[in-house]
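A.B. asks: With the input below, show me the fold.
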Amino acid sequence: MKRFMWIALLGVLLLFSGCAVQPQPSKPKIDPNLPTVSKIRSLSDMTSIALEWNPVYDDRIAGYNIYRSTTGKKYKRIAVIKDRYSSHYLDKKLKPATKYFYTMSTFNKDKRESRLSQPHEVSTAPYPEPIAFAEAIDHLPREVKLIWRPHPNPRVQWYVIERSTPENEKWKEVARLQGRLNAEYIDRGLEDKKIYLYRIKAITCDGVESKPTLPIKASTKPRPKVVQGLKATTNLPKKIVVTWRPNSEPDLQYYKVYKSIFQIGPYLVVAKTKSTKYVDLLDEDGVKRYYKVTAVDADGLESFKQDVPAVGQTLPKPLPPVVMEHKLENGTLFIRWTSPDQRAVSYIVDKKEIDGILNVKEFEYKNIKSTSFTDAGLRPGVKYVYKIYAVDKYGLVSKPSEKIEIKIPEQE
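C.D. replies: Numbering: from 1, shown residues only. As a prediction, the model looks like this:
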């Protein structure tokens, strides 16, 4: 409870300036017999630090001197507190993301000063994070539209938009927008077919600027056309082949291939190619992937993605065989089955012979071309379990058929 009260009190100090006494110009003499400040605590903001200490109630004490350093070596007195009952001070107009060192002394009515307390190290809060997301919509005639994600810091009050060009790298402020939730700016009156660079900074209510976004490249030149004829295969094993028709732009440099495991995205770049074909090798059967392809020209301008992706799929495993009949005659088992999808070119019969818990043998019969199997010489009292697999022309193996269990009764 006590800790909560002092944190709350320091929070109030960060919001309100309070009363601070100006430093005295003269330097008091040291009295080693005067008590010192035992402990300094702090809370920090971007441009201010709130200090708290344990008051010294000794009758000889008239107040406190507060010293500050940015190196921990050379200290400068920043405040004189003329009340020994005081226990808080707010240091303002500091630099964000900066380390500060504080130390304190007590003084008596004769202005004699105690030894300095142990230094207290604290840093101001970092600069606001750069705007996380910003992009340009740049195919508009003689204008560029900028959009960004509003800054999450509630102290942000302004956005500054700056512009430059590849020919003139000097940044020029073109707009200052008030309101943290602002998320759009349209730069009008631009030249045709010209490339521009933009960056955006956030500014807090106390004037602290974030770092700018990375330069955002935009141009009034039209983007390349949307890539047409996008297709993806659905009948190849372990891979999907994506194809499209070539774009007609004379300065086309390459294509970007985007892929997602979901139709709604997100779509990530998986390849850059000058070809009109992309082969996606996948070590899974029957999996879907979604693709979009864009064209990129010599200026780095990229076409819009397709509204509807191309859907590709690796070839699924063949369907498992369906057992049509099995019968046992004089110790010989006859099995007959069929392939429901007609993809099988051969079959595998898996046989398990169980003669007690510790005596289990397994047999595998491969490359069976017919849809029947005969197993003779089955022994009484032994349990037999059979499963049948279909194999297609690519070597893909199906899941097993329904198992067949046989046990010949022992003769009495």
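A.B. asks: hey, where'd the helices end up in the stretch 201-350 of the chain?
C.D. replies: Counting by DSSP state H, counting those that start in this stretch, the stretch 201-350 of the chain forms no helices at all.
A.B. asks: ranges for the strands of it?
C.D. replies: 216-219, 231-232, 239-243, 252-260, 268-273, 277-281, 288-297, 310-313, 322-329, 332-338, 346-354 (DSSP state E, counting those that start in this stretch).
A.B. asks: Need the ones you listed in CSV (columns: mean neighbour count and mean pLDDT).
C.D. replies: Any C-beta I mention is one placed from the backbone N, CA and C, and that applies to glycine too. Output for those, formatted as CSV (neighbours: other CB atoms under 10 Å; pLDDT from 0 to 100):
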stretch, mean neighbour count, mean pLDDT
strand 216-219, 20, 93
strand 231-232, 18, 98
strand 239-243, 18, 98
strand 252-260, 19, 97
strand 268-273, 12, 97
strand 277-281, 14, 97
strand 288-297, 21, 96
strand 310-313, 18, 98
strand 322-329, 12, 94
strand 332-338, 17, 96
strand 346-354, 17, 96
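A.B. asks: Make a markdown table out of the ones you listed and add distance to Asn367.
C.D. replies: Output for the strands of the stretch 201-350 of the chain, formatted as a markdown table (distance: least, CB to CB, whole Å):
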| stretch | distance to Asn367 |
| --- | --- |
| strand 216-219 | 60 |
| strand 231-232 | 33 |
| strand 239-243 | 25 |
| strand 252-260 | 37 |
| strand 268-273 | 38 |
| strand 277-281 | 27 |
| strand 288-297 | 32 |
| strand 310-313 | 28 |
| strand 322-329 | 19 |
| strand 332-338 | 16 |
| strand 346-354 | 5 |
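A.B. asks: For the residue nearest to Pro96 when sequence neighbours are not counted, give me its contacts.
C.D. replies: Once flanking residues are discounted, Pro96 sits nearest to Met46: 4.3 Å by CB to CB, 6 or more residues apart in numbering. Counting by CB atoms under 8 Å, 6 or more residues apart in numbering, Met46 touches 96, 124-128, 155, 204, 206, 208.
A.B. asks: hmm, try it at 6 Å
C.D. replies: Counting by CB atoms under 6 Å, 6 or more residues apart in numbering, Met46 touches 96, 124-125, 208.
A.B. asks: Which of these sits closest to Val80?
C.D. replies: Thr124 (22.7 Å; CB to CB).
A.B. asks: Counting neighbours, what do you get for the closest one?
C.D. replies: By other CB atoms under 10 Å, the residues close to Thr124 number 20.
A.B. asks: Go ahead and confirm it touches Ser44.
C.D. replies: Yes. At 5.2 Å, Thr124 counts as touching Ser44 under the criterion of CB atoms under 6 Å.
A.B. asks: Next, the buried residues of stretch 78-87.
C.D. replies: 78-81, 84, 87 (16 or more other CB atoms under 10 Å).
A.B. asks: ends of it, how far apart?
C.D. replies: 16 Å (CA to CA, to the nearest Å).
A.B. asks: pLDDT of that stretch, averaged?
C.D. replies: Computed over stretch 78-87, the mean pLDDT rounds to 94.
A.B. asks: Most neighbours among the contacts of Met46, please name it.
C.D. replies: Within the contacts of Met46, most neighbours by other CB under 10 Å means Val208, with 22 neighbours.
A.B. asks: if I look at that one, how far off is Trp148?
C.D. replies: Going from Val208 to Trp148 by CB to CB, to the nearest Å gives 18 Å.
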